[in-house]
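J.: structure for this input, please:
(2 chains, ligands or ions: 2)
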Amino acid sequence: MTDVSYVPAPGAAPRTRMLAAQTGMELRLLLRNGEQVGLTLVIPLLLLFFFNLPLLYSLDGSRIAFVAPSIIALAVMSAAFTGLAIGTGFERKYAVLKRLGATALPRSVLLGGKTLAVLLLEIVQVALITVFALALGWRPHGDPLLVFVLVALGTAAFVGLGLLVAGTLRAEVTLAAANLAWLILLFAGGIAIPLSKYPHAATEVLQYLPSAALSDGLHQVLQHGHGIPLHDLLALIGWAGAALPAAARWFRWE
Amino acid sequence: MSAPGTAAVEVRDLVKAYGSRRAVDGLSLTVERGAVLALLGPNGAGKTTTIEVCEGFRRADSGSVRVLGLDPITDAAALRPAVGVMLQDGVGGYTGARAIELLRLFASYAAHPHDPETLLASVGLADVAATPVKRLSGGQQQRLSLALALVARPELVFLDEPTAGMDPQARRATWDFIRKLRADGVSVVLTTHFLDEAEQLADTVVVIDAGRVVAAGSPAELTRAGAEGQIRFRATPGLRLVSLIAAMPDGTTALEEESGRYLVSGDVTPQLLATLTAWCAGQGVLAENLAVERRTLEDVFLELTGRDLRT
Ligand SMILES: Nc1ncnc2c1ncn2[C@@H]1O[C@H](COP(=O)(O)OP(=O)(O)O)[C@@H](O)[C@H]1O
Ligand SMILES: [Mg+2]
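T.: Ligands and ions are numbered 1, 2, ... in the order given. Purely as a prediction, here's the structure:
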């Protein structure tokens, strides 16, 4: 048990190496967790088929043209907000973050690793959704770069909100709140049901929800082939700009 | 990174209260570089609180704490790469990860880490490298936790009850491990409520109770200070003890408890023992069943607090 030399040689690794290792670990754990896979990969695909059936409401034009961008928005919200918040909340509860806090890993690299893992997960999500939607007859329009920018900004906003919830509430409360918010944003946030189906006054408010801005931006680009959805981009920048600093300010590690 | 010429850990008049109750109440201690210090005390004595203030997890209400010459909270970024930590409750970290994955992750944080496979084998966990952390037994988790504390080649480690939940064999192995750390120049602070652990491992034992230091010193100093040891032996009845008492240092007494059973009380040192056996030899007497009874840390604790350490 004692054939190794323990002569001290302390020092921190370069941040890039920490970030790569942290991201890899976070992503493997995400993909290994059955609930996370269900929430972020299986449910969006099931809802893709479900909302594509003319059950809840009728739509003009191609139904999949509305549903596919909605499901991409849902997948981003599921991974970056609900999944991240619940996972991080329980890591806080079980002293995972406390133990990591006693290593050379800076907090910014820990949060960066979580965010990168979410982005990598989203690439898997969007690829799967795209394949299934194409099989259902989806013909997307628009500039893929704009889609990427929208997804990245949406991720930043949702990661900020998810970490804010996970870092300030108890794990059990985070679990309930993140699931409730997921449902509310799904139905009232412009994802499952077009905001145009709501009364005008409600739409005026609801369109500023992060889910609505992301979903609307994706619809502008993918469904209607419009250029830069400035209004939605600004809304997402606003949410990200408020939520990320708030999370950094109020996140409690224990 | 660490200021040279300073102690590994220097705690002065530390006070930490939860609500109105003081868990640590004016505690001071010094850990010299390369030394092993054991914080010994019953459950609730304030060991974890003290150690977690030193680790920067909790904020002192008053008093001063320097670790490697630095402040545990404001200098945390500089300290963390140099300090290894073993928390009291379980491994911490990602319990869904495999043992070797978690060790590799922690190695990736360090500039000159140990090879994770070699280190895992040296704590005896090579067979369970691919087992998820949460499926390891309590003792195995403790050993993984020790490996995680060491993988970055720290110069100081805090081990909070490092052998809790271990079987006797794993405990011995962990003791050997801690002796090896000391031999290689790592400073060690450990907490324990096992007396033998403190006696076996520590250069300095700080006995604490209710957040206060009740005694501090080397195990030998603590078990000797202010207390008498005893030597019992059997020999032919009716020995003339006057000449024995005259031969021994002042304050040492000798008496025949029962016919042929003798008791010597005093400061039991190797010299005293030598004097006694030489005297017996001079009398042409063979001392049989000679037994030295010295105080243990347990006796010290009982004396100082009136309570048993293990309750
Ligand atoms: N976070 C906390 N909140 C309130 N009381 C605490 C907390 N941590 C410890 N205590 C109390 O402080 C005292 C010392 O605890 P601790 O430092 O854990 O002792 P030890 O490690 O010696 O068992 C105990 O009475 C314990 O109940
Ligand atoms: Mg404790």
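
J.: how many residues are close by residue 252?
T.: No chain was given, so I picked chain A. Neighbourhood size, residue A:252 [other Cβ atoms under 10 Å in any protein chain shown]: 10. To be clear about C-beta, it is placed using only N, CA and C from the backbone, and glycine gets the same treatment.

J.: meant chain B actually
T.: 19.

J.: just residue B:74 next, same as before
T.: Neighbour number of residue B:74 under other Cβ under 10 Å is 10.

J.: how about the residue nearest to residue A:136 when sequence neighbours are not counted, what does it touch?
T.: Of all residues not flanking residue A:136 in the chain, residue A:64 sits nearest, at 5.0 Å (Cβ to Cβ, 6 or more residues apart in numbering or on different chains). The contact partners of residue A:64, taken as Cβ atoms under 8 Å, 6 or more residues apart in numbering or on different chains, are A:52, A:133, A:136-138.

J.: show me where the stretch 201-311 of chain B has helices.
T.: B:219-224, B:241-247, B:270-283, B:297-305 (DSSP state H, counting those that start in this stretch).

J.: what's the separation between the closest residue to ligand 1 within chain A and residue B:141?
T.: In chain A, the residue that lies nearest ligand 1 is residue A:254 (9.3 Å; Cβ to the nearest ligand atom). In this view, residue A:254 and residue B:141 are 20 Å apart by Cβ to Cβ, to the nearest Å.

J.: neighbour count: the two, which is higher?
T.: residue B:141 (21 against 10).

J.: residues near the residue of chain B found nearest ligand 2, how many?
T.: Nearest to ligand 2 in chain B, going by Cβ to the ion, is residue B:48, at a distance of 3.2 Å. Look at residue B:48: counted by other Cβ under 10 Å, it has 22 neighbours.

J.: using the three-state scheme, assign it.
T.: helix (DSSP: H, G, I helix; E, B strand; the rest coil).

J.: distance of it from residue B:54?
T.: Applying Cβ to Cβ to residue B:48 and residue B:54 gives a distance of 11 Å.

J.: can you check residue B:255 too?
T.: According to Cβ to Cβ, residue B:255 stands 49 Å off from residue B:54.

J.: what of residue B:263?
T.: 45 Å.

J.: quick one: which of these two has more around it?
T.: Between residue B:263 and residue B:54, counted using other Cβ under 10 Å, residue B:54 has the larger neighbour count: 27 against 15.

J.: quick one on the thing from earlier: distance to ligand 1 for the contacts of residue A:64 - can I get that in CSV?
T.: Shown next, in CSV, are the contacts of residue A:64 (distance: Cβ to the nearest ligand atom, whole Å):
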residue, distance to ligand 1
A:52, 52
A:133, 51
A:136, 54
A:137, 59
A:138, 54
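
J.: show me which of the residues you listed is closest to residue B:165.
T.: Closest approach between the contacts of residue A:64 and residue B:165, by Cβ to Cβ: residue A:133, at 52.3 Å.

J.: and that closest one, what does it touch?
T.: Contacts of residue A:133 by Cβ under 8 Å, 6+ apart are A:48, A:64, A:67-68, A:71, A:140.

J.: over to residue B:292?
T.: Per Cβ under 8 Å, 6+ apart, neighbours of residue B:292: B:229-231, B:268, B:273.

J.: ok, back up a step: what's the following helix or strand after the helix or strand containing the residue nearest to residue A:136?
T.: Assessed by DSSP states H and E, residue A:64 sits inside helix A:63-77. Downstream of helix A:63-77, the first helix or strand assigned by DSSP H and E is helix A:84-93.

J.: residue B:21: neighbour count?
T.: 9.

J.: among the helices of the stretch 201-311 of chain B, which comes closest to residue B:61?
T.: Per Cβ to Cβ, nearest to residue B:61 of the helices of the stretch 201-311 of chain B: helix B:297-305, 23.8 Å.

J.: what comes up buried for that closest one?
T.: B:297, B:299-301, B:305 (16 or more other Cβ atoms under 10 Å in any protein chain shown).

J.: just the helices from chain A, written as ranges.
T.: A:15-32, A:34-37, A:43-51, A:63-77, A:84-93, A:96-101, A:107-135, A:144-168, A:171-188, A:200-206, A:210-218, A:230-250 (DSSP state H).

J.: would you point to the one among those that's packed deepest?
T.: Ranked by mean neighbour count, the helices of chain A are led by helix A:210-218 with a mean of 28 (mean count of other Cβ atoms under 10 Å in any protein chain shown).

J.: now the stretch 101-250 of chain A, which segments are flagged as low pLDDT?
T.: For the stretch 101-250 of chain A, no stretch is flagged by pLDDT under 70.

J.: what does chain B put close to ligand 2?
T.: For chain B, the residues in contact with ligand 2 (Cβ under 5 Å from the ion) are B:47-48, B:88.
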